[in-house]
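Chemist: just the structure for this:
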Amino acid sequence: MSNGHVLTPVATEVLSVRHELRDTATLSLLPPPGGAPFAPGQFSMLYVMGLGEIPISLSGDPAESGLWIHTIRGVGNVSQALVRAIPGDRIGVRGPFGSAWPLDRARGRDVLVVAGGIGLAPLRPLIYRLAAEPEAYGRITVLYGARTPEDILYFHQLQAWKESARFHVRVTVDSGADDWSGNLGPVTHLISPVDFDPASVVVFTCGPEIMMRFVIRLLLGLGVAGERIFLSMERNMKCAVGFCGHCQYGPHFVCKEGPVFGYDQVAHLLAEKER
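Modeler: Next comes the predicted model:
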């Protein structure tokens, strides 16, 4: 982070709000003055006066440096207040923080992106980057799972990616009404080695930890090396700079060394429940 706003939030304006789902909204913000460009996978700390702050992944296109876009699900006091924001509101922001998806590791290889629920948001900047330079990679496969059709995040964008020759996209839901004609079942049901070369594919995944555990277990069983699997773990982050120690697991500070990790780094953490 090069803007100097390490611990003190800087006031910024909400430019637009897009309501994605019944409990989820995407906010477009002005970056803080001197704010550094963000890399896919990084996050910001968003502050609501009188309530506190939370870490939220940057979910926009990294090429659009004049906007910081965050998709937020309202699950607590701060996130619910952010989801209720309207254009013109002022909120505090710190960032960007954290590690990025290592796209350089994927150049010349097949790429598999596996997302569940709101976990598609931290992966969207990576997909934008893949779309901007598809010739640099092998086959690009995007798999996404949601609870119901009504819970599908970025529905229209997924459809656009699906219709693009650049991607192979499949979506599944845990349960759907009679008018749902798509895939049913967990996202692991979509994983097939015909979509990628297990000997060389690079995998990026984000979603509920139980989902990631099953995805990784399946991929390892198919012969994908753990060193080529990367995931985002946003566990217990509060200060974003490792001062409070709340996100420490063994030798790791999730906020400082993550949220993006190689599977080999955090295999032992996936076996532990969140605190």
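Chemist: count of residues packed around residue 49?
Modeler: 11 (other Cβ atoms under 10 Å). For glycine as for every other residue, the C-beta is placed from the backbone atoms N, C-alpha and C.
Chemist: leaving out chain neighbours, which residue sits closest to it?
Modeler: Leaving aside its sequence neighbours, residue 49 sits nearest to residue 92 (Cβ to Cβ, 6 or more residues apart in numbering; 7.4 Å).
Chemist: same question, residue 262
Modeler: Leaving aside its sequence neighbours, residue 262 sits nearest to residue 230 (Cβ to Cβ, 6+ apart; 5.7 Å).
Chemist: ramachandran coordinates for that neighbour?
Modeler: Torsion angles at residue 230 (phi, psi; degrees, to the nearest 10) stand at phi -130, psi 140.
Chemist: again, but for residue 205
Modeler: Dihedral pair for residue 205: phi -140, psi 150, per degrees, to the nearest 10.
Chemist: now do it against residue 135, distance only.
Modeler: As judged by Cβ to Cβ, to the nearest Å, residue 205 and residue 135 stand 24 Å apart.
Chemist: which of the two has more neighbours?
Modeler: Taking other Cβ under 10 Å, residue 205 and residue 135 do not tie; residue 205 has more neighbours (23 against 5).
Chemist: can you tell me the closest non-neighbouring residue to the more buried one?
Modeler: residue 114 (4.3 Å).
Chemist: ok, the one you found - contacts?
Modeler: Residue 114 is in contact with 143-144, 187, 191, 203-205, 207, 215, counting by Cβ atoms under 8 Å, 6 or more residues apart in numbering.
Chemist: from the residues you listed, which is closest to residue 54?
Modeler: Checking those against residue 54 with Cβ to Cβ, the nearest one is residue 207 at 18.3 Å.
Chemist: okay, now that closest one: neighbour count?
Modeler: Residues near residue 207, counting by other Cβ under 10 Å: 23.
Chemist: in this structure it contacts residue 115, no?
Modeler: Yes - Residue 207 lies in contact with residue 115 (Cβ atoms under 8 Å); the separation is 5.7 Å.
Chemist: so what sits against both of those two?
Modeler: Common contacts of residue 207 and residue 115 (Cβ under 8 Å, 6+ apart): 145, 187.
Chemist: which phi and psi does residue 156 have?
Modeler: In terms of degrees, to the nearest 10, the main-chain angles of residue 156 are phi -70, psi -30.
Chemist: show me the residue at the heart of the chain, geometrically.
Modeler: Nearest residue to the geometric centre of the chain (Cα atoms, centre = their mean): residue 122, 1.6 Å.
Chemist: residues contacting that residue?
Modeler: Neighbours of residue 122 in contact, by Cβ under 8 Å, 6+ apart: 41, 43, 57-59, 206, 232, 234, 259.
Chemist: please name the residues that touch residue 191.
Modeler: Contacts for residue 191 (Cβ under 8 Å, 6+ apart) come out as 112, 114, 143, 215, 218-219, 222.
Chemist: hmm, I was thinking of residue 90
Modeler: Here residue 90 is in contact with 11-14 (Cβ under 8 Å, 6+ apart).
Chemist: let's have those residues in CSV, adding pLDDT and neighbour count.
Modeler: Formatted as CSV, the contacts of residue 90 follow (pLDDT from 0 to 100; neighbours: other Cβ atoms under 10 Å):
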residue, pLDDT, neighbour count
11, 92, 12
12, 92, 21
13, 94, 12
14, 96, 17
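Chemist: the stretch 51-200 of the chain: helices as residue ranges?
Modeler: All helices of the stretch 51-200 of the chain, identified by DSSP state H, counting those that start in this stretch, fall at 77-83, 120-132, 155-163.
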